[in-house]
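Asks: Would you be able to build a 3D model of this:
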Amino acid sequence: MGKKVGFIGIGMMGNPMSKNLVKAGFDLTVWNRTESKMKEILNQGAKAGTSPKDVAKKSQVIITMLTGSSEVEQVVLGKEGVLEGMNLGSVLIDMSTISPGVSKAVASQITQKGFAMLDAPVSGSVGVAAAAALTIQVGGDPKVFEAHRDVLAAMGKNIFHVGGNGMGCYMKLVGNVIMGANMAVLAEALCLGAKAGIATEVMIEVLRNTGGASTVMERRSPNIIKGEYKAQFMLKLLFKDVGIALDAAGADTIPMPIAGLIRQIYAQAMADGRGDQDFSAITMLAEKLSGVSLKK
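Replies: Numbers count the residues shown, from 1 in each chain. Model prediction:
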């Protein structure tokens with residue numbers, strides 16, 4: 001078997017990511033708060049840990065893929081947490097999207113104990129994760145990064161080292177703020193055209209050949225045309241990430257008035273019951289407010 005890897009957080013993204021580690025030949029031990037979510041990956045050859053501490057004891061590299069900052073702090077630093085079980089030479093790779101400040105604070109405690117940590121949040125939907133084609137932005141010691149590039153390469157296609165601890169988190173927030181703004185303004189603009197009488201698929205085709213084209217449009221336009229918003233990246237998580245970006249901006253004295261407005265628009269969609277749908281369901285709010293339908 002290959003390198004011993006632990007994976008904590010078998011959720012919507014963690015499921016396909018952990019599967020790809022098994023496919024790549026890593027000796028995988030997993031843990032998830034809800035045990036039933038581990039069943040599929042255990043059937044594919046992974047072993048079950050009894051706690052984050054137990055996973056760390058059995059692993060050279062421990063990956064965490066969790067919902068937010070408080071979950072990472074609890075799982076890594078709490079009782080029976082990862083830090084209690086880390087061995088000489090162990091590395092924690094946190095792939096969650098969390099506060100850069102929290103990430104740097106956790107890394108500080110990890111390094112004080114003689115271990116290493118990388119923050120490596122991912123960009124890409126569930127389908128991209130399943131194809132092992134995620135974009136991974138990594139902060140931390142470049143030597144540690146290079147030593148464990150093989151683990152990251154089992155899950156991602158585009159892997160970037162962007163700086164020291166916390167910089168991967170900052171880079172992820174930069175991308176998600178832009179993505180969220182792009183989706184919201186795309187929805188509004190399409191409603192403008194639809195109200196005038198232009199078919200959605202015609203607008204998309206024209207936009208592909210203009211400065212209005214975007215990756216967000218290419219990947220999410222099928223949702224808009226079909227009127228189907230099954231979550232690939234949940235709207236409530238985009239809402240959370242823009243909030244983290246605004247908190248970081250406040251701490252760093254960076255004005256982000258557009259991001260502030262965008263978060264309020266996503267808050268409206270949350271209040272409209274769209275939180276568990278794909279973030280492109282912001283389109284349904286725009287349709288509701290405009291009195292039009294973009295569905296073919």
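Asks: Just the buried positions in stretch 139-152, please.
Replies: Neighbour counts using 16 or more other Cβ atoms under 10 Å place 139-141, 144-145, 148, 151-152 of stretch 139-152 among the buried residues. (Each C-beta comes from the backbone N, C-alpha and C, glycine too.)
Asks: Any idea how far it is from the middle of the chain?
Replies: Centroid separation between stretch 139-152 and its chain, computed with Cα atoms, centre = their mean, to the nearest Å, is 19 Å.
Asks: State the mean pLDDT of that stretch.
Replies: Averaging pLDDT along stretch 139-152 gives 97.
Asks: first to last residue in it, what's the distance?
Replies: Stretch 139-152 has its terminal residues 13 Å apart, counting by Cα to Cα, to the nearest Å.
Asks: Give me the residues contacting it.
Replies: 3, 5, 21, 26, 61, 63, 91, 93, 103, 107, 116-120, 136, 138, 159, 161-171 (Cβ atoms under 8 Å, 6 or more residues apart in numbering).
Asks: switch the cut-off to 6 Å
Replies: 61, 91, 116, 118-119, 136, 138, 159, 161, 163-168 (Cβ atoms under 6 Å, 6 or more residues apart in numbering).
Asks: Kindly report the same for stretch 117-131.
Replies: Against stretch 117-131 from outside (Cβ under 6 Å, 6+ apart): 12-13, 16-17, 92-95, 97, 103, 107, 110, 134-136, 138-140, 168-169, 172, 175, 232-233.
Asks: Among these, name the ones in helices.
Replies: Judged by DSSP state H, helices contain the following of the contacts of stretch 117-131: 16-17, 103, 107, 110, 168-169, 172, 175.
Asks: Next, format these as TSV and append pLDDT.
Replies: Listed next are these as TSV, based on pLDDT from 0 to 100:
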residue	pLDDT
16	96
17	97
103	97
107	97
110	97
168	98
169	97
172	97
175	96
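Asks: of the residues you listed, closest to residue 224?
Replies: Distance to residue 224, by Cβ to Cβ, is smallest for residue 175 among these, at 20.9 Å.
Asks: on that earlier part again, closest to residue 47 out of the ones in helices among the contacts of stretch 117-131?
Replies: Nearest to residue 47 among the ones in helices among the contacts of stretch 117-131, with distances taken as Cβ to Cβ, is residue 17, at 16.6 Å.
Asks: What's the separation between the closest residue to the closest one other than its chain neighbours and residue 8?
Replies: Sequence neighbours aside, residue 155 is the residue nearest to residue 17 in space, at 4.9 Å (criterion: Cβ to Cβ, 6 or more residues apart in numbering). In this structure, residue 155 and residue 8 are 14 Å apart, going by Cβ to Cβ, to the nearest Å.
Asks: Those two: which has the busier surroundings?
Replies: Ranked by neighbour count (other Cβ atoms under 10 Å), residue 155 and residue 8 place residue 8 first, with 31 against 27.
Asks: From what I see, the more buried one and residue 31 are in contact.
Replies: Yes: with contact defined as Cβ atoms under 6 Å, residue 8 counts as touching residue 31 (5.1 Å).
Asks: Could you tell me which residues touch both of these two?
Replies: By Cβ under 6 Å, 6+ apart, the residues touching both residue 8 and residue 31 are 52, 55.
Asks: List the contacts of residue 16.
Replies: Residue 16 neighbours (Cβ under 6 Å, 6+ apart): 129-130.
Asks: ok, back up a step: closest to residue 53 among the ones in helices among the contacts of stretch 117-131?
Replies: Using Cβ to Cβ, the ones in helices among the contacts of stretch 117-131 come closest to residue 53 at residue 110, 14.1 Å.
Asks: Return the distance of that closest one relative to residue 64.
Replies: Counting by Cβ to Cβ, the gap from residue 110 to residue 64 is 11 Å.
Asks: In terms of packing, which of the two has more residues around it?
Replies: Using other Cβ under 10 Å as the criterion, residue 110 and residue 64 rank with residue 64 on top: 26 against 23.
Asks: What residues are bridge-paired with the more buried one?
Replies: Residues in a beta bridge with residue 64, per DSSP bridges, are residue 8, residue 94.
Asks: Would you confirm that it contacts residue 6?
Replies: No: using Cβ under 6 Å, residue 64 is not in contact with residue 6, being 8.9 Å away.
Asks: all strands for the stretch 151-296 of the chain, in order.
Replies: Secondary structure of the stretch 151-296 of the chain (DSSP state E, counting those that start in this stretch): strands located at 156-163.
Asks: in it, which spans are helices?
Replies: Applying DSSP state H, counting those that start in this stretch to the stretch 151-296 of the chain gives helices spanning 167-196, 200-207, 215-226, 235-251, 257-271, 282-290.
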